[in-house]
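Undergrad: Quick one: sequence and predicted model below, then my questions.
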Amino acid sequence: MVSLIEELEAREAAARVRVEELEAEIAELTSRLVGEREVWSRLRVTRETVAQVLAELSGQDVAGTAPLREPVAAKAPVEPEVRVVGAVMVPHWREGLTTVVLPDVYRDIVEVIADASGPMQAKQIVPRIGLPAVTAKIEGTRGKLKRLVERGWLIEDQPGRFAPAHPGSGGESANSRNDKGSSL
């Protein structure tokens, strides 16, 4: 006969597997969403540029230029009032941007790396941001690290080793916020 503890452990293990599968699915969908948003953005910019060039040409009375058809008005995207899991946006880094604009977990990752004495691996970061050091969490964090590299917040100086891309310009770290000046 199976004890109550063994049954609970089995159910916990099954729930953990389901959660990990859902997290992997969310990561995949998020990646696809980011790709599609980039395609959409490029197409929108291209259409706007072509419309501008055609408008400038038509102002010069260039013969043979077909009139520009009005673009179909796209519905404005609905901005959620609450955070939606799987739709986290990490902005591209630019001068003057601080970690305040990042979602909490990304900000924690950048701050941990900024406080480190050298480049770090995902497995070193996971426990420092309060997650259990299990494969699923390490891989999820590695995906976030890669996204932060793509967006210019971090660099990957060696495969799997991440460091700040802009030391000292990403905003204050957790340690600097907590340090109110000590007198020894």
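TA: In hand now; what should we look at?
Undergrad: pLDDT below threshold where in this structure?
TA: For the chain, the stretches flagged by pLDDT under 70 are 60-88, 168-184.
Undergrad: Mind doing that once more with 50?
TA: Residue ranges of the chain with pLDDT under 50: 61-68, 78-84, 170-184.
Undergrad: Using the record's assignment, carve it into domains.
TA: 1-68, 88-175 (automatic domain parsing).
Undergrad: Could you report the separation of residue 18 from residue 123?
TA: 24 Å (CB to CB, to the nearest Å). Yep, even glycine has a C-beta here, placed from its N, CA and C like the rest.
Undergrad: Of these two, which one has the most company?
TA: Ranked by neighbour count (other CB atoms under 10 Å), residue 18 and residue 123 place residue 123 first, with 15 against 10.
Undergrad: Could you find the closest non-adjacent residue to the more buried one?
TA: residue 138 (5.1 Å; CB to CB, 6 or more residues apart in numbering).
Undergrad: give the contact list for the one you found.
TA: 122-123, 126 (CB atoms under 8 Å, 6 or more residues apart in numbering).
Undergrad: what sits against residue 143?
TA: Going by CB under 8 Å, 6+ apart, the list of residues near residue 143 reads 27, 31.
Undergrad: Now do the SS call for it.
TA: When classified by DSSP: H, G, I helix; E, B strand; the rest coil, residue 143 comes out as helix.
Undergrad: neighbours of residue 3, just the number please.
TA: Neighbourhood size, residue 3 [other CB under 10 Å]: 8.
Undergrad: Same question for residue 48.
TA: By other CB under 10 Å, the burial measure for residue 48, its neighbour count, is 11.
Undergrad: what packs against the helix or strand containing it?
TA: Counting by DSSP states H and E, the element that carries residue 48 is helix 4-59. Contact here means 3 or more CB pairs under 8 Å, 6 or more residues apart in numbering; DSSP states H and E; on that basis helix 4-59 packs against helix 135-150.
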